[in-house]
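Asker: generate a structure from the sequence data that follows.
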Amino acid sequence: MDMKQFYHNRLHLKDPWYIDRVEVNEKLNRVDIYVKHHNPIRVACPVCNKFDSIYDHSPEREFQHLNTCEMQTFVHVRLPRVQCPTHGVKQILSELGEPNSHATFAFERHVLALAQECSISAVSRLAGLSWDESFGYVNRAVARGLTRKEKRIPEVVSVDEKSFAKGHKYETLVCDNQRGTVEYVADENSQESLESYYRQFTDDERASVRAVTMDMWDPYIAATRNYIAGSDKKIVFDRFHVMKHVSEAVDTVRKEENKRLQELGNDILKGSKYLWLWNPQNMPHWRKPEFRQLRDSDLDVSRAWAIKENLRHLWDYHSETWARKFFRRWYFWAMHSRLEPMKKAATTIKCHFENVVTYVNHRVTNAVVEGINSKIEKVKRLACGFRNREHYRTAIYFHCGGLDYQPTPPKKCRIKWAPPLYLGPAH
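Answerer: Take a look at the predicted model:
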């Protein structure tokens, strides 16, 4: 197999395209492939897809392809223009790469695969591109994926906020709880941020929402009540955030008690912070004896911990009636514990309890969003942070949007042999 045939096969060229010549420049460490077409041909109008006669050729375009034996490889071609009787003179769509792109489909897929695993700076080094070129591929991929994405509102919507930078700068994330994908990213964590997402859909489309999971953030609650019918029974406050309020109260009790004990020369609570915050199932086995000894001591934090752990049983109930009975007993215990931080946390939960108990009917949490947040945090560390909100949103969609962003060659042929004209029977 000669070089022309080799590259003809690797570029998946079809007649009437052919390799005219291949130039190898070892000094510049590059391979140049020149593609031409046989004549006569007819070419397809990019607007109506009707084949018509060729008008002329555009200036030569250069597409970067996958390296050959560590040598940069470029494909050169002059694309024909069609004389369409309806739309005038138009340049045909390339079968080598995307419109306005300087890379073949194979090379662009390679760059996007690198971008999924590396920072843009690393992609630039590995692919031999500039930073702007590398991010340009990602940017086009996200735009392509969002265009292909089906317009639909998830059955279970999860809403959370993600910090963009220091100084209380946030982004609002709207996720599909069942598919585990980011559906929408908006600036700030305001009511308007979430309402801008809901406004994309009609009343009938929004009526298909079965549940909306979120933390106890009033702007998100107000936005959902304004746009989701029956939201009082559909909003589900995430159990992680409910337990977070109680855990913070336990830690406050520990700090206050530790301060009092240290003034008396007692360091029994020193270094025990995470013993009271860990889920017992996640506690390291080598610290369990130490914790049992503290738990059995007559300490305020021990009583606060028992109240916190008992609240976990609320999410085991499958009956709303029994869940309410359990909470009334738990609330009475917390309010009579003589521990002010626990009383404050119990009051906060009671104020929002109507949308805490909805978990019993929907059985959904924000765990999917927390997992997405962890992935976004990894992307931020990989990029050493973001200063541009637009780039930040692009990175979130690219890594967490579940988009179909891969460039694909056109399914329809853009160029074909021209059939010979029929001039009638010979005389």
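Asker: please make it C-alpha for all contacts and neighbour counts, starting now.
Answerer: Will do.
Asker: where are the low-confidence patches of the stretch 151-300 of the chain?
Answerer: Applying pLDDT under 70 to the stretch 151-300 of the chain flags the ranges 167.
Asker: can you give me the helices for it?
Answerer: 191-198, 203-206, 218-227, 239-263, 273-277, 288-295, 300-311 (DSSP state H, counting those that start in this stretch).
Asker: any idea of the angle the helix or strand just after the last one forms with helix 300-311?
Answerer: In other words, helix 300-311. Using DSSP states H and E, the helix or strand that follows helix 300-311 in sequence is helix 320-335. Angle of helix 320-335 versus helix 300-311, following axes from the mean of the first three to the mean of the last three CA atoms, to 10 degrees, is 170 degrees.
Asker: buried residues in helix 320-335?
Answerer: For helix 320-335, burial by neighbour count (16 or more other CA atoms under 10 Å) applies to Ala323, Arg324, Phe327, Trp330, Tyr331, Ala334, Met335.
Asker: check which helices and strands it sits against.
Answerer: helix 300-311, helix 340-351, helix 359-362 (3 or more CA pairs under 8 Å, 6 or more residues apart in numbering; DSSP states H and E).
Asker: do you know which of those helices lies nearest Cys48?
Answerer: Nearest to Cys48, of all the helices and strands packed on helix 320-335, is helix 359-362, at 48.9 Å by CA to CA.
Asker: and the helices and strands packed on helix 320-335: which comes nearest Val212?
Answerer: With CA to CA as the measure, helix 359-362 is the member of the helices and strands packed on helix 320-335 nearest Val212 (9.6 Å).
Asker: that's a strand at Val82, yeah?
Answerer: Yes. According to DSSP: H, G, I helix; E, B strand; the rest coil, the state of Val82 is that of a strand.
Asker: chain neighbours aside, what residue packs nearest to it?
Answerer: Ile54 (4.7 Å; CA to CA, 6 or more residues apart in numbering).
Asker: format the helices of the stretch 151-300 of the chain as CSV; extra columns: distance to Pro99.
Answerer: CSV is the format used below for these (distance: least, CA to CA, whole Å):
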stretch, distance to Pro99
helix 191-198, 30
helix 203-206, 34
helix 218-227, 39
helix 239-263, 47
helix 273-277, 55
helix 288-295, 62
helix 300-311, 58
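Asker: quick check: which element contains the residue nearest to Val82?
Answerer: Here Ile54 is covered by strand 51-57, with elements defined by DSSP H and E.
Asker: using CSV, list the CA coordinates for the very next helix or strand once past that strand.
Answerer: Downstream of strand 51-57, the first helix or strand assigned by DSSP H and E is strand 61-68. Presented in CSV, the C-alpha positions along strand 61-68 are these (Å, rounded to 0.1, in the frame of the first residue of the first chain):
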residue,chain,number,x,y,z
ARG,A,61,-8.1,25.4,3.3
GLU,A,62,-5.7,23.6,5.7
PHE,A,63,-7.1,21.1,8.2
GLN,A,64,-4.8,19.7,11.0
HIS,A,65,-5.1,15.9,11.3
LEU,A,66,-3.8,13.4,13.8
ASN,A,67,0.0,13.1,13.9
THR,A,68,1.8,10.6,11.7
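Asker: circling back: want to throw the helices of the stretch 151-300 of the chain into JSON lines with mean neighbour count and distance to Glu171?
Answerer: Output for the helices of the stretch 151-300 of the chain, formatted as JSON lines (neighbours: other CA atoms under 10 Å; distance: least, CA to CA, whole Å):
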{"stretch": "helix 191-198", "mean neighbour count": "19", "distance to Glu171": "9"}
{"stretch": "helix 203-206", "mean neighbour count": "14", "distance to Glu171": "22"}
{"stretch": "helix 218-227", "mean neighbour count": "17", "distance to Glu171": "13"}
{"stretch": "helix 239-263", "mean neighbour count": "18", "distance to Glu171": "18"}
{"stretch": "helix 273-277", "mean neighbour count": "17", "distance to Glu171": "28"}
{"stretch": "helix 288-295", "mean neighbour count": "14", "distance to Glu171": "39"}
{"stretch": "helix 300-311", "mean neighbour count": "19", "distance to Glu171": "31"}
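Asker: follow-up on the earlier one: I'd like the helices and strands packed on helix 320-335 laid out as a markdown table, including distance to Lys378.
Answerer: Formatted as a markdown table, these follow (distance: least, CA to CA, whole Å):
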| stretch | distance to Lys378 |
| --- | --- |
| helix 300-311 | 31 |
| helix 340-351 | 32 |
| helix 359-362 | 30 |
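Asker: tell me which of these lies nearest to Arg61.
Answerer: helix 359-362 (56.1 Å).
Asker: which other helices and strands contact the closest one?
Answerer: Short answer (3+ CA pairs under 8 Å, 6+ apart): helix 359-362 packs on strand 235-237, helix 320-335.
Asker: what's the burial count for Arg338?
Answerer: Using other CA atoms under 10 Å, the number of residues around Arg338 comes to 12.
Asker: ugh, typo on my part, it should be Leu146
Answerer: As a burial measure, Leu146 scores 19 neighbours (other CA under 10 Å).
Asker: any idea how this protein splits into domains?
Answerer: 3-146, 156-237+365-400, 239-362 (automatic domain parsing).
Asker: contacts for stretch 197-211, please.
Answerer: 152-157, 184, 227-229, 234-236, 362 (CA atoms under 8 Å, 6 or more residues apart in numbering).
Asker: that should have said stretch 79-98, apologies.
Answerer: Outside stretch 79-98, the residues within contact range by CA under 8 Å, 6+ apart are 11, 43-47, 50, 52-61, 63, 99, 103-105, 407, 409-410, 414.
Asker: where's it relative to the chain centroid, distance-wise?
Answerer: 35 Å (CA atoms, centre = their mean, to the nearest Å).
Asker: same check on stretch 11-30?
Answerer: In terms of CA atoms, centre = their mean, the centre of stretch 11-30 is found 38 Å from the chain centre.
Asker: output that stretch as CSV - backbone C-alpha positions only.
Answerer: Provided in CSV are the C-alpha atoms of stretch 11-30 (Å, rounded to 0.1, in the frame of the first residue of the first chain):
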residue,chain,number,x,y,z
LEU,A,11,-9.2,10.1,5.9
HIS,A,12,-12.2,8.0,4.7
LEU,A,13,-12.3,9.7,1.4
LYS,A,14,-14.9,8.7,-1.1
ASP,A,15,-15.0,9.2,-4.8
PRO,A,16,-14.6,11.5,-6.5
TRP,A,17,-12.1,12.8,-3.9
TYR,A,18,-8.6,11.5,-4.2
ILE,A,19,-5.1,12.2,-2.8
ASP,A,20,-3.1,14.2,-5.3
ARG,A,21,0.2,14.1,-3.5
VAL,A,22,1.8,13.7,-0.1
GLU,A,23,4.8,15.8,1.0
VAL,A,24,7.0,14.9,3.9
ASN,A,25,9.1,17.6,5.4
GLU,A,26,11.5,16.1,7.9
LYS,A,27,13.1,19.5,8.6
LEU,A,28,9.8,21.1,9.7
ASN,A,29,8.6,17.7,11.1
ARG,A,30,5.3,17.8,9.2
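Asker: that'll do, ta.
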